[in-house]
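Peer 1: compute the structure for the input listed below.
(one chain, ligands or ions: 1)
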Amino acid sequence: MNEKNRTALIIGGCRGIGREITLRLARDGFDVVPSCRKRGAEAEALLDEVRRAGGNCRILELDVRDRDGARRILDAEFADRAPDAVVYNSGIAKDNLFVFMDGEQWDDVLDTNLKGFYNTVQPLVFGMLAKRGGRIVAISSASGQTGQAGQVNYSASKAGLIGAVKALAREVGRKGVLVNAVAPGVIDTEMTKDLPKDMMLPLIPLRRFGSAAEVAGVVSFLCGPDSTYIHGQVIAVNGGLVI
Ligand SMILES: NC(=O)c1ccc[n+]([C@@H]2O[C@H](COP(=O)([O-])OP(=O)(O)OC[C@H]3O[C@@H](n4cnc5c(N)ncnc54)[C@H](OP(=O)(O)O)[C@@H]3O)[C@@H](O)[C@H]2O)c1
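Peer 2: Numbers count the residues shown, from 1 in each chain. From the prediction side, this is the model:
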C-alpha cells in the first residue's frame, strides 16, 4: 500500500501523543488532518513542521463533545472523499475516588473519551464503507484493560472504547475497514507529568515511562501495509505494566 495521496485524520492530533501520531503518519506519506479545540501556537508549529518536511497538513478546529458541530466540520472536510485512516486520540482524565466523584468528573470524561468517539468517527464510517477500505484506530488505555483505582470514570470510558472497537470491527470488516485499539501504559506527556515516578516505576518491568513516539509507531503500523490481517484487536504499549 502506498500512503501517497492517502489522508489520515487524527482527532486530538496537535499535542501530546496525538502530535507524535500526526508527525509519524506524515512521515509515512499520509496527508495529515490533525484536529484541536483552538488553533494556537502549538498547532501552527505542527503545521509548519509537517510542511517544512514536504508533507501536506490541514488543521481542523473541533470539540469532540459538540456532536452537531463536529459532524458539520467533518462532513464539510470529507464531503468528496472519506479519510483513509482515522485515529481517535482525544482524551482527558479527571481522577478521584469513586466515593467522592462528582457528576461533572464522570460526565466530562465519558463525554470526551467515549461519546467523542461516536461524535467524530460515526460521521465518517459511511464514506469509508463506500470506499471499501480504511483504518480506524482508537487510543484506549491500560486503565481500560485492567481498571485503575481513582479512575473509575476514565477506566470505564477506555474500556468502552475497547468494546466499541471490537463491535465495530465485526460490523465493518467485510468491507475492508480495519478497526483496532491501542492501549498505552504510562506515557510521558502533559497528562502524566504529576504522577509520582518513584511509586510508578517499580510497577513497570521496563522501569521507564513510554514516549509518545513509541505509541505513534504502533499507530503507524496499524495504519500501514504490514497490518492487513489485524482487526478488532487491542495492542498494548505499556513496557510490561499489564502482561
Ligand atoms: N499519557 C498517558 O500516559 C496515556 C496513557 C494511556 C492512554 N492515554 C490516552 O492517549 C490520548 C492522548 O493523551 P496525552 O497523554 O497525549 O494527553 P494530552 O497531552 O493531555 O492530550 C490530550 C488530547 O486530547 C484532546 N482533547 C481533550 N479534550 C478534547 C475535546 N473536548 N475535544 C477535542 N479534543 C480534546 C486534546 O486536544 P486540544 O489540543 O484541543 O487540547 C489533546 O490532543 C488520550 O486519549 C489519553 O487518554 C494517555
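Peer 1: pairing partners for the longest strand anywhere in the chain, with directions?
Peer 2: If you go by DSSP state E, the chain has its longest strand at strand 177-184. Neighbouring strands of strand 177-184 in its sheet, by DSSP bridges, are strand 134-139 (parallel), strand 234-237 (parallel).
Peer 1: contacts for the last one?
Peer 2: This means strand 234-237. Strand 234-237 is contacted from outside by 140, 142, 145, 162, 165, 180-185, 187, 210, 214-215, 218, 222, 242, using Cβ atoms under 8 Å, 6 or more residues apart in numbering. To be clear about C-beta, it is placed using only N, CA and C from the backbone, and glycine gets the same treatment.
Peer 1: how about it as CSV, C-alpha atoms only?
Peer 2: Only the C-alpha atoms of strand 234-237 are listed here, as CSV (Å, rounded to 0.1, in the frame of the first residue of the first chain):
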residue,chain,number,x,y,z
VAL,A,234,-6.1,-4.2,21.4
ILE,A,235,-2.4,-3.6,21.1
ALA,A,236,-0.8,-2.7,24.4
VAL,A,237,2.2,-0.3,24.5
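Peer 1: quick one: average pLDDT of it?
Peer 2: Regarding strand 234-237, the rounded mean pLDDT is 98.
Peer 1: and it, how far from the chain's centre?
Peer 2: When distances are taken as Cα atoms, centre = their mean, to the nearest Å, strand 234-237 is centred 12 Å away from the chain's centroid.
Peer 1: and stretch 197-207, by the same measure?
Peer 2: So, by Cα atoms, centre = their mean, the centroid of stretch 197-207 is 24 Å from its chain's centroid.
Peer 1: same check, this time on stretch 150-169
Peer 2: Put simply, stretch 150-169 sits 13 Å off its chain's centre (Cα atoms, centre = their mean).
Peer 1: in that stretch, what counts as buried?
Peer 2: Within stretch 150-169, the residues scored as buried using 16 or more other Cβ atoms under 10 Å are 151-162, 164-166, 168-169.
Peer 1: ok, now stretch 169-189?
Peer 2: Neighbour counts using 16+ other Cβ under 10 Å place 169, 172, 177-189 of stretch 169-189 among the buried residues.
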